[in-house]
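Engineer: Based on what follows, work out the 3D shape:
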Amino acid sequence: MITVSPQVAWVDRGESVWLLNLSAEEPTPVELTDSAAALWRLLPAASVGELAERVGVDFSVPVDAVIADVENYVASMLDQGFVEVA
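Structural biologist: Have a look, this model is predicted:
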């Protein structure tokens, strides 16, 4: 399960999503726009595969065309402490 980390404060401003990892040494706001914001709004998800399927449905693209990008997105969000994978 991919979920938002409990130490993350976030706000959806419509055109963008702002994140703040409150447990970071120096918390710095991060703005997500376009596809990154769209992916954030799809959380929580059971897996990267489910997230890619939901992206495929929402944007009318084949899952195999987006799976690598979704994997990279989740890895980046995990590295920054914004999401947890259980």
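
Engineer: sec struct for the most centrally placed residue in the chain, please.
Structural biologist: Closest to where the C-alpha atoms of the chain average out (Cα atoms, centre = their mean) is Trp40, at 3.6 Å. Taking DSSP: H, G, I helix; E, B strand; the rest coil as the rule, one finds Trp40 in the helix state.

Engineer: can I assume it is in contact with Val17?
Structural biologist: Yes: the pair formed by Trp40 and Val17 meets the contact definition of Cβ atoms under 8 Å, at 4.9 Å. Just so you know, the C-beta spots here come from the backbone N, C-alpha and C atoms, and that holds for glycine as well.

Engineer: between the two, what contacts are shared?
Structural biologist: Residues touching both Trp40 and Val17 by Cβ atoms under 8 Å, 6 or more residues apart in numbering: 10, 32.

Engineer: For Leu42, give me its contacts.
Structural biologist: Contacts of Leu42 (Cβ under 8 Å, 6+ apart): 51, 54-55, 58.

Engineer: What does it show for phi and psi?
Structural biologist: Backbone torsions for Leu42, taken as degrees, to the nearest 10, come to phi -90, psi -10.

Engineer: Could you check the pLDDT of Glu26?
Structural biologist: With respect to pLDDT, Glu26 has a value of 94.

Engineer: Let me know the secondary structure of it.
Structural biologist: Looking at Glu26 with three-state DSSP, the answer is coil.

Engineer: Can you get me a residue count around it?
Structural biologist: 5 (other Cβ atoms under 10 Å).

Engineer: Roughly how far does it sit from Leu20?
Structural biologist: Glu26 sits 11 Å away from Leu20, going by Cβ to Cβ, to the nearest Å.

Engineer: mind checking how far the nearest residue to Leu78 once chain neighbours are set aside is from Val17?
Structural biologist: With sequence-adjacent residues excluded and distances taken as Cβ to Cβ, 6 or more residues apart in numbering, Leu78 is closest to Val85, at 6.3 Å. Plainly put, Val85 is 19 Å away from Val17 if you go by Cβ to Cβ.

Engineer: So between those two, which is more surrounded?
Structural biologist: Taking neighbours as other Cβ under 10 Å, Val85 and Val17 compare with Val17 leading, 19 against 13.
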